[in-house]
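Student: let's see this in three dimensions:
(2 chains)
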There are 2 protein chains.
Amino acid sequence: MLTPQNYSQDIVELSISAWFYRNRAIAGFDNPARSLYVSVRELMENSLDACEEAQILPEVTVLLKREKETLGTDVLSQGPEIFELVVKDNGTGIPRETIPLLLGKMLTGTKFTHKQSRGTFGLGGSLALLYGQVTTQRPIEIVTGQKGVGYGHRIKMRLDIENNLPIITEEERVPKSMDEHGTMVSFWLQGDWIRSKRRIIDYFTHTAIIVPYASLFFETPDDEVIKYDRVIRSIPKPSIESKPHPKGIDVEMLKSMITSTRKRTLKSFFIGSFQRVGSTIAEEFLTSIDLDPDRTPESMDQEELVCMMNAMEKFNKFLPPSAKTLSPVGTKVLQAGVQRLAPEFVIFRQRSPSVYEGHPFIVETGVAYGGQLPPGANVIRFANRIPLLYDERSDVSYRVVRDLNLRSYGLKQEDPLTFMMHICSTKIPYKTIGKEYIADIDAVRKEIDLGFKDCLRELSKNLRTRNRASIHRKRESRLSAYYAFTAETLSTATGRQVSIEKLMGSQGGCSQ
Amino acid sequence: MLTPQNYSQDIVELSISAWFYRNRAIAGFDNPARSLYVSVRELMENSLDACEEAQILPEVTVLLKREKETLGTDVLSQGPEIFELVVKDNGTGIPRETIPLLLGKMLTGTKFTHKQSRGTFGLGGSLALLYGQVTTQRPIEIVTGQKGVGYGHRIKMRLDIENNLPIITEEERVPKSMDEHGTMVSFWLQGDWIRSKRRIIDYFTHTAIIVPYASLFFETPDDEVIKYDRVIRSIPKPSIESKPHPKGIDVEMLKSMITSTRKRTLKSFFIGSFQRVGSTIAEEFLTSIDLDPDRTPESMDQEELVCMMNAMEKFNKFLPPSAKTLSPVGTKVLQAGVQRLAPEFVIFRQRSPSVYEGHPFIVETGVAYGGQLPPGANVIRFANRIPLLYDERSDVSYRVVRDLNLRSYGLKQEDPLTFMMHICSTKIPYKTIGKEYIADIDAVRKEIDLGFKDCLRELSKNLRTRNRASIHRKRESRLSAYYAFTAETLSTATGRQVSIEKLMGSQGGCSQ
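Tutor: Below is the predicted model of the structure:
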């Protein structure tokens, strides 16, 4: 901490990249195993986001290669080694001018808009590249090309971490066909494959469930290949960028919005800056607090802004935030994805949009039963189509499942049950920068709880029907044995052929 | 995340304060209860650091007052309310020019030096003030004065969060005596006292144990007073700023050190920039990698730097990092602090300095037994004199205690035992920005483990001695009853007075 005594010394304000470089453990880069897992994940998420945004069915290839030197010397070494990580997608490709900024600079926020996307903190991809550079000092290579252009770009760059700036060290045009498009990022990093293997493979398995419309290919350092072909060709609609909701901001934000607006009146500022505020509501709100709708925004002073913010919090005629900007996965896609687990039954429910702290969200729940599922209740969690693997017990959905009374649905603790939860939102309430688990927020908990209960009721109905059908089948087979005996006895007694069908028909038997 | 499609939009590079403003939940400001706790803690830590650095016995007063309006309307409301938080210390005071920078700007790092201090991320205090401003929009007030000056300064300021700049809105000189010195920070913030009360009070109780040389005074919003007078007048020696150790840096850092050095030769750069590198070692190292010790630092290119860094990692003649810069609490102070728990026995051990990843650290362990301690094994954790209260089960010391075999020390699971652990280091290996728990690092775990075991052995010896003494006492009292009877019988038989003392003396009895 800064004290009066040490203040005069060499103290600096760090850039956001320099701060994260020094504190990278906080963002999951705390040991070679975890860092390898987080790097694979972050780059894959970038690729999936880039494809889906352009509504391209994703094809993502990940290659993780041990550096040859290390291989030669000690293959079974348990410590950290150097790896090359290559992530290639078929997205739209990146225009030349934006390559260094998109990948070489931590751009950590949009000014005033919200949008559902996998990343949340604006760090992930760049932190992985930063970690690679710090641990290996090798340059980052990017090859990218866009459709309709006869060449692509190959760029090598380094990061100037202290100043949060990319430095291009090599660059060339590479020939390609007009139709090709996509981006390949490759860089070197320190990692520990032995200790991260299980996580990384779990990550692929779960991603294949939530993104069944993608083809995923992963070549491990052990030369194993993990491959998931797409099983469905529909892709969720893209999410849309949205203005903030009047209830989702604070005075700080209101102030900077007002400072930078180009609107001439408070009324047009309200209509133009917030979602779901029309002419009528804007006017009604402003007159309710005695503000002239035609006043200029820049004339508002600090005190008036505080007063306005307080009034915004209390005003109850703003429409709830729009969920149109969100992009849930949808039952069809989830159904296709979960088939990878080969359950006997699976029930999905998409809940209606809800709101926490001004942010809209949609919860999708699923309960799978039987088939090849392992015994006992498992929870699989997703947020904005990212699988969440760590800290399960801290996650709100785990707590919801723990508190369910399975017996009231005719289920037993040891039944093979898998609970699935996907939440999408313009702001996922993560508790850590590492995006491990969802906070226990009342509104979110309620939606997950209702979703799971709804699935369980339906599942329980299905199971009853199945059980009734199986009882029926047993009874029928007993009956037909009895009739066969009767028919035979009658045939012998009467001397003529008595058909079982006739007997069962007369009895109003179960067969059709 | 940034995708090629959304790149061209309103994307900005945030200042460190703007990033934390948007992601404050990550640093513990995720709900009004937790935010209140973290704010009290961060400001108190600033005050304690400021006093100790100047070797002043700390006197810290914390007042937490409910806003009167809220009081009037609904005292028992469970939701968030507005509070005024006042933290006053008797430190050296802050010179006028540095007030706004010290408190109004997130200054997040020193350039190349390390120092043991309570804060780690350079955020705590400023984030609390930022949180207060965001939730209440009221200015921050600072009154501070230095010894030997006949006046102090009162300043009101606001934070320009987007630009990480303080804005002074009011300022005046206030008269004071020449002898007075100290700083008072007061600001308003949203909080939830009902839900944070227990934590905040625990925080004071534990601080009083680790800082028994401080007088702490806390007035709660319920007008209760929690007061700990100092019980000892010795204060640990101040920690000293240190240069990095050659094994504690990476190429990124090496590069920026070389870029900014004023030394003319590689040899003098090594001697001047790193700790424990003298002329002989510098020369030996440089010649071992065929570098001319008289070469200029700026002539090193990227490749040579990488090569130098790799060589530094392998070179085994650097002396281990110096622990002289660290400031452990010391057995005498710990002993005084733990008396607040009124145990029957207490054993402390200070381990020798050790090193992880180039950072020196010292572990101090203690085991208290009996007296007023609650039954069962408890763990109290401290790091750089901060009590750690959250996420106990994730902490390395909890795991060490869990794996101890108490029975082999003659102890039972339900015995009243309190384990205390203090680690001091120039870089505490926290796992979260909220400073909740210590990572499970082999070198750290080993020191804690050995420390606890050493304490337990000593405790077990003490207990055996005590038990032997108590057996002795019992035996003695049985013996003296027997001798009394014998003396009486003999007196009656012989007709003269036989003294017990004489009988017991002849038997070589236990009493002295």
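Student: can you name the residue of the stretch 401-512 of chain A nearest chain B?
Tutor: Nearest to chain B, among the residues of the stretch 401-512 of chain A, is residue A:433, at 5.5 Å (C-beta to the nearest C-beta). For glycine as for every other residue, the C-beta is placed from the backbone atoms N, C-alpha and C.
Student: now do the contacts for that residue.
Tutor: By C-beta atoms under 8 Å, 6 or more residues apart in numbering or on different chains, residue A:433 lies in contact with A:26-28, A:121, A:123, B:23, B:26.
Student: who are the contact partners of the residue nearest the centre of chain A?
Tutor: In chain A, the centroid-proximal residue (C-alpha atoms, centre = their mean) is residue A:385; its distance is 2.3 Å. Neighbouring residues of residue A:385 by C-beta under 8 Å, 6+ apart: A:48, A:118, A:210-211, A:329, A:422, A:424.
Student: now, which of these lie within helices?
Tutor: If you go by DSSP state H, the contacts of residue A:385 have A:48, A:210 in helices.
Student: restricting to the contacts of residue A:385, which residues neighbour chain B?
Tutor: Restricting those to those touching chain B (C-beta under 8 Å from any C-beta of the partner chain) yields residue A:118.
Student: tabulate the contacts of residue A:385 (JSON lines), appending neighbour count and pLDDT.
Tutor: Formatted as JSON lines, these follow (neighbours: other C-beta atoms under 10 Å in any protein chain shown; pLDDT from 0 to 100):
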{"residue": "A:48", "neighbour count": "25", "pLDDT": "93"}
{"residue": "A:118", "neighbour count": "22", "pLDDT": "79"}
{"residue": "A:210", "neighbour count": "24", "pLDDT": "96"}
{"residue": "A:211", "neighbour count": "28", "pLDDT": "96"}
{"residue": "A:329", "neighbour count": "26", "pLDDT": "95"}
{"residue": "A:422", "neighbour count": "28", "pLDDT": "97"}
{"residue": "A:424", "neighbour count": "24", "pLDDT": "95"}
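Student: got the contacts of residue A:385 as CSV, with distance to residue B:218 columns?
Tutor: Listed next are the contacts of residue A:385 as CSV, based on distance: C-beta to C-beta, whole Å:
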residue, distance to residue B:218
A:48, 51
A:118, 44
A:210, 49
A:211, 52
A:329, 50
A:422, 45
A:424, 44
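Student: for chain B, tell me whether the helix of greatest length in chain A is touching it.
Tutor: As assigned by DSSP H, the longest helix anywhere in chain A is helix A:442-494. No. With C-beta under 8 Å from any C-beta as the criterion, chain B is not reached by helix A:442-494; the gap is at least 11.1 Å.
Student: state the distance from residue A:174 to chain B.
Tutor: 18 Å (C-beta to the nearest C-beta, to the nearest Å).
Student: would you check that that residue makes contact with residue A:150?
Tutor: No. Using C-beta atoms under 8 Å, residue A:174 is not in contact with residue A:150, being 10.5 Å away.
Student: now do the closest residue to residue A:214 other than its chain neighbours against chain B, distance only.
Tutor: Closest residue to residue A:214 apart from its sequence neighbours, by C-beta to C-beta, 6 or more residues apart in numbering or on different chains: residue A:58 at 3.9 Å. Per C-beta to the nearest C-beta, residue A:58 is found 12 Å from chain B.
Student: can you pull the contacts of residue A:58?
Tutor: Listed by C-beta under 8 Å, 6+ apart, the contact set of residue A:58 reads A:47-48, A:51-52, A:89-91, A:211, A:213-215.
Student: confidence score at it?
Tutor: Residue A:58 is assigned 97 on the pLDDT scale.
Student: residue A:205 now?
Tutor: The model's pLDDT for residue A:205 equals 95.
Student: quick one: residue A:106 from chain B, how far?
Tutor: Going from residue A:106 to chain B by C-beta to the nearest C-beta gives 7 Å.
Student: my bad, residue A:166
Tutor: To chain B, residue A:166 is 12 Å away according to C-beta to the nearest C-beta.
Student: what's the burial count for that residue?
Tutor: Using other C-beta atoms under 10 Å in any protein chain shown, residue A:166 has 20 neighbouring residues.
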